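Q: requesting a structural model of the entry that follows:
(chains A and B)
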Protein chains: 2
Amino acid sequence: MSGAVEPVTAAIMVVGDEILSGRTKDRNIGYIAEYLTAIGIDVCEVRVVPDIEEEIVAAVNALRARYTYVFSTGGIGPTHDDITADSIAKAFGVAIDVDPRARAMLLERIAEADLNEARLRMARIPAGAELVPNPVSKAPGFWIENVIVMAGVPTIMQAMLDEVAPKLKTGIRMLSETIPANAKEGDVGGPLRLIAQAHPDVTIGSYPFIAEDGRPNTNLVVRSRDPGKLAAAMFDVRAMVADIAMKLAP
Amino acid sequence: MSGAVEPVTAAIMVVGDEILSGRTKDRNIGYIAEYLTAIGIDVCEVRVVPDIEEEIVAAVNALRARYTYVFSTGGIGPTHDDITADSIAKAFGVAIDVDPRARAMLLERIAEADLNEARLRMARIPAGAELVPNPVSKAPGFWIENVIVMAGVPTIMQAMLDEVAPKLKTGIRMLSETIPANAKEGDVGGPLRLIAQAHPDVTIGSYPFIAEDGRPNTNLVVRSRDPGKLAAAMFDVRAMVADIAMKLAP
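A: Predicted coordinates for the structure are as follows:
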């Protein structure tokens, strides 16, 4: 079965000087990556770009040509440094203006008298885009072709992702099993390489960590879309772990 | 003075399937970004790439051509999925082999008998690279031309960055002042745009947050390398904040 269905891929684009300066620590990349992986979409690349139109345009054009979806976060607020919507319109070569649907969403939360020019910026949507509802604070994101543009504030981004997820094309979910090697990474590297070579359709990752008892340990993560291939690789990995335990036993 | 000295720029490249799958949440981007900003190096772009040689080669070649430095994290351990060193050698078109200096560093911590093929992988260094000492676990990073290759484990990466930092070219430090607007972002957007236009050499960011009393507030961050220009913009921002407080007063 696996291989018959095209994998569904994605890139994440984070827009914001505050991430690049380190002032704000990104919390969206890990969240989106875990979320998409769980629903069968492979995140293949992440880029963080500054609040500079030509940089956003270049990144989104490079990414949307290459992956099934691009998920963008940040830069859709009401101030002068929020330029993501205009940059996306430019990348697609479409017009951008205040969208009556988005304006109506803003009015669910903001009185007409308070809907000043700055706030109306949040209703500027590239022509042809679908809106992504924002159950937290109303100002919507949008979805144009394969690019989904969300807010940078994590609670709002998460709510938008929940709105979008049911409409996404998804692939066969990547299955994953983790087993601790009970050994240092340098002790598993040799035999693990042979197992990886014997199971070319399975991805095997090796992640060292310090266990609670202070000893170095290594998590082995075996991934495949095919349950049979995953089980076959895990069988060999478990045998290797048992073998290493024998060798390391005092 | 500012403008006379060329800014020093950097990109961060994070290598690892485990970040893209969301299994591991990156903690290096924010750390490196804050660290470099503090010493006068502007982080202009971040990319996260998978454990695939051609992807690493393409990313490092794109980034090293564009920025003063590239800081890479991840993929220099002892297992088959650690392919950063080989990929960097390929990107530079140089040979890679076990480096006697790196091997000697490993022997400070690992007995000769335990220096198996897997562990020796950690001593594979592209020809012509300088080593970056690893005070935590000895296996070194390296520095080739403008690319600095560090471990992915945060404690080790941080120690390597401390080793490298004194040798980096640095620019005039970006100065930054933050002032809360005591208003919603939509209330500051209009006047803030005028201030930003009046101070083109200053970068003004606007970051909404929910204050401890539950009220929406907005941090205004003014940045410049020139203390005089920063002070002039801050003067206008403070006046705006006072003006808004008057208008919003009941």
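
Q: which residues sit against the longest helix along chain A?
A: When chain A is parsed with DSSP state H, its longest helix is helix A:227-248. For helix A:227-248, contacts defined as Cβ atoms under 8 Å, 6 or more residues apart in numbering or on different chains pick out A:2, A:175, A:177, A:179-183, A:187-188, A:191-192, A:195, A:198-199, A:201-202, A:204, A:220, A:222-224. Any C-beta I mention is one placed from the backbone N, CA and C, and that applies to glycine too.

Q: got it, and stretch A:44-59?
A: A:9-17, A:19-20, A:26, A:29, A:33, A:63, A:66-67, A:75, A:81-84, A:86-88, A:90-91, B:14, B:19-20, B:29, B:44-50, B:55, B:205.

Q: in stretch A:40-56, which residues are buried?
A: Going by neighbour count (16 or more other Cβ atoms under 10 Å in any protein chain shown), the buried part of stretch A:40-56 is A:40-51, A:55-56.

Q: domain parsing for chain A?
A: Split into domains by automatic domain parsing, chain A comes to A:8-167, A:175-248.

Q: is the lowest-mean-pLDDT helix or strand in chain A positioned near chain B?
A: Using mean pLDDT, DSSP states H and E, strand A:203-210 stands out as the lowest-scoring helix or strand of chain A, at a mean of 92. Yes. Strand A:203-210 comes into contact with chain B (Cβ under 8 Å from any Cβ of the partner chain), by way of A:203-208.

Q: rebuild those as JSON lines, extending it with neighbour count.
A: Formatted as JSON lines, these follow (neighbours: other Cβ atoms under 10 Å in any protein chain shown):
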{"residue": "A:203", "neighbour count": "20"}
{"residue": "A:204", "neighbour count": "21"}
{"residue": "A:205", "neighbour count": "24"}
{"residue": "A:206", "neighbour count": "23"}
{"residue": "A:207", "neighbour count": "22"}
{"residue": "A:208", "neighbour count": "21"}
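
Q: which one among these gets closest to chain B?
A: residue A:206 (3.9 Å; Cβ to the nearest Cβ).

Q: identify the residue nearest the closest one in space, chain neighbours excluded?
A: residue B:79 (3.9 Å; Cβ to Cβ, 6 or more residues apart in numbering or on different chains).

Q: number of residues surrounding that neighbour?
A: 25 (other Cβ atoms under 10 Å in any protein chain shown).

Q: tell me where chain A has helices.
A: Taking DSSP H, the helices of chain A run over residues A:17-20, A:28-38, A:53-64, A:84-92, A:100-107, A:117-120, A:154-164, A:185-198, A:227-248.

Q: in CSV: those helices, plus mean pLDDT and distance to residue B:237.
A: Shown next, in CSV, are the helices of chain A (pLDDT from 0 to 100; distance: least, Cβ to Cβ, whole Å):
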stretch, mean pLDDT, distance to residue B:237
helix A:17-20, 96, 17
helix A:28-38, 97, 28
helix A:53-64, 98, 23
helix A:84-92, 98, 23
helix A:100-107, 97, 26
helix A:117-120, 95, 15
helix A:154-164, 97, 25
helix A:185-198, 95, 51
helix A:227-248, 95, 56
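
Q: what residues does residue A:176 make contact with?
A: With Cβ under 8 Å, 6+ apart, residue A:176 has these contacts: A:221-223, B:21, B:23.

Q: at 10 Å what do you get?
A: Residue A:176 sits next to A:37, A:203, A:205, A:221-224, A:230, B:21, B:23 when contact means Cβ atoms under 10 Å, 6 or more residues apart in numbering or on different chains.

Q: and it, what are its bridge partners?
A: residue A:223 (DSSP bridges).

Q: ok, now residue A:144?
A: Here residue A:144, judged by DSSP bridges, has bridge partners residue A:147.

Q: and it, what does it touch?
A: Neighbours of residue A:144 in contact, by Cβ under 10 Å, 6+ apart: A:60, A:64, A:70, A:85, A:88-89, A:91-92, A:94, A:125-130.

Q: can you count the residues close to residue A:168?
A: For residue A:168, using other Cβ under 10 Å, the count is 18.

Q: and it, what's its pLDDT?
A: Predicted confidence (pLDDT) at residue A:168: the value is 97.

Q: distance check, it against residue A:159.
A: 16 Å (Cβ to Cβ, to the nearest Å).

Q: now do residue A:250
A: Counting by Cβ to Cβ - residue A:250 and residue A:159 are separated by 54 Å.

Q: ok, residue A:154 touching residue A:14?
A: No. Contact status for residue A:154 versus residue A:14: not in contact, 11.6 Å apart, counting by Cβ atoms under 10 Å.

Q: please identify every residue contacting each of the two.
A: Contacts common to residue A:154 and residue A:14, judged by Cβ under 10 Å, 6+ apart, are A:26, A:28, A:73.

Q: out of these, flag the one nearest to chain B.
A: The closest of the shared contacts of residue A:154 and residue A:14, once distances to chain B are taken by Cβ to the nearest Cβ, is residue A:26, at 6.5 Å.

Q: just to check, that closest one is in contact with residue B:28?
A: No. The criterion here is Cβ under 10 Å, and residue A:26 misses it with residue B:28 at 11.1 Å.

Q: more neighbours, the two?
A: Between residue A:26 and residue B:28, counted using other Cβ under 10 Å, the more crowded position is residue A:26 (26 against 23).

Q: return the residues in contact with that one.
A: Contacts of residue A:26 (Cβ under 10 Å, 6+ apart): A:12, A:14, A:16, A:18-20, A:46, A:48, A:73-74, A:152, A:154, B:25-26, B:29-30, B:33, B:46.

Q: can you pull the pLDDT of it?
A: Per the predicted model, pLDDT is 97 at residue A:26.

Q: for it, phi and psi?
A: Main-chain dihedrals, residue A:26, degrees, to the nearest 10: phi -60, psi 130.

Q: where's residue A:116 relative to residue A:198, distance?
A: Counting by Cβ to Cβ - residue A:116 and residue A:198 are separated by 65 Å.

Q: the more surrounded of the two?
A: Between residue A:116 and residue A:198, counting by other Cβ under 10 Å, residue A:116 is the more crowded of the two (14 against 11).

Q: was I right about the more buried one contacting residue A:110?
A: Yes. Using Cβ under 10 Å, residue A:116 makes contact with residue A:110 at a distance of 9.2 Å.

Q: pull up the overlap in contacts between the two.
A: Shared contacts of residue A:116 and residue A:110, counting by Cβ under 10 Å, 6+ apart, come down to residue B:186.

Q: neighbours around residue A:199, how many?
A: 20.

Q: swap in residue A:27?
A: Neighbours around residue A:27, by other Cβ under 10 Å: 16.

Q: residues in contact with the closest residue to it other than its chain neighbours?
A: In space, residue A:27 comes closest to residue A:154 once its chain neighbours are excluded; the distance is 4.9 Å by Cβ to Cβ, 6+ apart. Neighbour list for residue A:154: A:26-28, A:31, A:73 [criterion: Cβ under 10 Å, 6+ apart].

Q: give me the more crowded residue out of residue A:250 and residue A:159.
A: Set side by side, residue A:250 and residue A:159 show unequal neighbour counts under other Cβ under 10 Å, the larger going to residue A:159 at 20 against 2.

Q: wait, that one sits on residue A:31?
A: No. The pair residue A:159 / residue A:31 is not scored as a contact, 11.8 Å apart, by Cβ under 10 Å.

Q: intersection of neighbour lists for the two?
A: By Cβ under 10 Å, 6+ apart, no residue touches both residue A:159 and residue A:31.
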